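Novice: here is a sequence together with a model predicted from it:
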Amino acid sequence: MTIPPPGPPLNVDALARSEALPRKMDPVTLTGTVVELTPLDLARDAAALHAVSNGQPATLGARTVGAYDAEETIWRFMFAGPFPDEAAMADYLRGQVEVANGLCLCVRDRATGAPIGVVNYMNNFPEHLKVELGGIWYSPLAQRTDANLEATTLLLRHAFDLGYRRVEWKCDALNGRSRRAAERMGFRFEGIQEAHFIIKGRNRDTAWFRILDREWPDVRARLERLLAAR
């Protein structure tokens with residue numbers, strides 16, 4: 001049997017990026033039309049994030065939600081939550097803020113400045129020029145709006161501008177809403193890793209999605225069309 005040759009070597013620029021990008025991503029503020037992503041500050045943001053994710057009625061500008069099931073609406077497929085109080089929420093977020101290979105960002109409604117959710121760059125491997133978007137959740141005040149579409153567009157644009165080759169999206173294989181969102185925004189489904197995690201005492205099979213740098217121009221155009229159609 002003939003042993004195939006190794007994969008093609010990377011160009012000099014790509015190798016330089018793989019050596020220069022930091023494991024702990026640099027803080028950044030990403031600003032869109034409807035949302036702004038800012039590095040999450042526990043002292044500033046934890047209480048407000050708990051207030052819009054704990055099942056209590058909430059208001060954002062002209063948008064109001066009544067009491068809701070926080071476990072079903074937000075936290076069912078997350079690694080933790082819902083949280084009984086601000087302190088528990090802060091403890092959960094602290095792990096994301098302090099992680100050595102990620103960047104936790106608070107999603108803010110631009111019109112009001114109010115926090116409406118959280119997104120993360122996570123599992124950052126600059127030596128392989130790949131990073132994951134994860135730990136993503138939104139208050140029902142922001143669900144079924146353009147918040148996630150625009151926030152994801154901002155995250156992708158920043159990652160590929162930095163020089164990453166691969167951006168990943170992973171979710172519980174049972175999380176149809178997340179899977180549909182990934183495919184709508186141009187991520188390609190790669191398969192399901194079975195028995196990947198045990199979450200809240202239950203099995204999790206994980207659906208894997210990705211966008212590669214060579215795919216990004218077409219995906220970017222797709223996202224820009226979706227945003228323009230708002």
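Specialist: In hand now; what should we look at?
Novice: need the longest helix for this structure.
Specialist: As assigned by DSSP state H, the longest helix anywhere in the chain is helix 147-162.
Novice: what is that helix packed up against?
Specialist: Applying 3 or more CB pairs under 8 Å, 6 or more residues apart in numbering; DSSP states H and E, one finds that helix 147-162 contacts strand 30-31, strand 35-39, strand 103-109, strand 115-125, strand 130-138, strand 166-172, helix 216-228. Every C-beta, even on glycine, is put in place using the N, C-alpha and C of the backbone.
Novice: chain center to it, what's the gap?
Specialist: Centre-to-centre, helix 147-162 and its host chain are 9 Å apart (CA atoms, centre = their mean, to the nearest Å).
Novice: return the distance of stretch 119-138 from the chain's centre.
Specialist: Distance, centroid of stretch 119-138 to centroid of chain: 7 Å (CA atoms, centre = their mean).
Novice: what does stretch 160-180 give?
Specialist: Distance, stretch centre to chain centre, for stretch 160-180: 8 Å (CA atoms, centre = their mean).
Novice: next, the buried residues of the longest helix of the chain.
Specialist: Within helix 147-162, the residues that count as buried by 16 or more other CB atoms under 10 Å are 147-156, 158-160, 162.
Novice: ditto for stretch 78-91
Specialist: For stretch 78-91, the neighbour count (16+ other CB under 10 Å) marks Met78, Gly81, Pro82, Phe83, Glu86, Met89, Ala90 as buried.
Novice: circling back: out of the buried residues of helix 147-162, who's nearest Thr59?
Specialist: Ala147 (15.9 Å; CB to CB).
Novice: Glu19 versus the nearest residue to the closest one once chain neighbours are set aside, what's the distance?
Specialist: Nearest residue to Ala147 in three dimensions, chain neighbours excluded: Val35, at 5.2 Å (CB to CB, 6 or more residues apart in numbering). Distance from Val35 to Glu19, counting by CB to CB, to the nearest Å: 33 Å.
Novice: sorry, back to before: specify which member of the buried residues of helix 147-162 is nearest to Gly113.
Specialist: Ala147 (13.9 Å).
Novice: more crowded one of Val35 and Glu19?
Specialist: Set Val35 next to Glu19 and count neighbours by other CB atoms under 10 Å: Val35 wins out with 26 against 9.
Novice: now do the same contact list for the more buried one.
Specialist: Residues in contact with Val35 (CB atoms under 8 Å, 6 or more residues apart in numbering) are Val107, Arg108, Asp109, Arg110, Ile116, Ala147, Glu150, Ala151, Leu154.
Novice: quick one on the thing from earlier: tell me the pLDDT of the residue nearest to Ala147.
Specialist: As predicted, Val35 sits at a pLDDT of 98.
Novice: beta partners of it?
Specialist: Asp109 (DSSP bridges).
Novice: sorry, back to before: okay if I get the buried residues of stretch 78-91 as JSON lines plus distance to Ala51?
Specialist: Output for the buried residues of stretch 78-91, formatted as JSON lines (distance: CB to CB, whole Å):
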{"residue": "Met78", "distance to Ala51": "17"}
{"residue": "Gly81", "distance to Ala51": "14"}
{"residue": "Pro82", "distance to Ala51": "12"}
{"residue": "Phe83", "distance to Ala51": "11"}
{"residue": "Glu86", "distance to Ala51": "8"}
{"residue": "Met89", "distance to Ala51": "9"}
{"residue": "Ala90", "distance to Ala51": "13"}
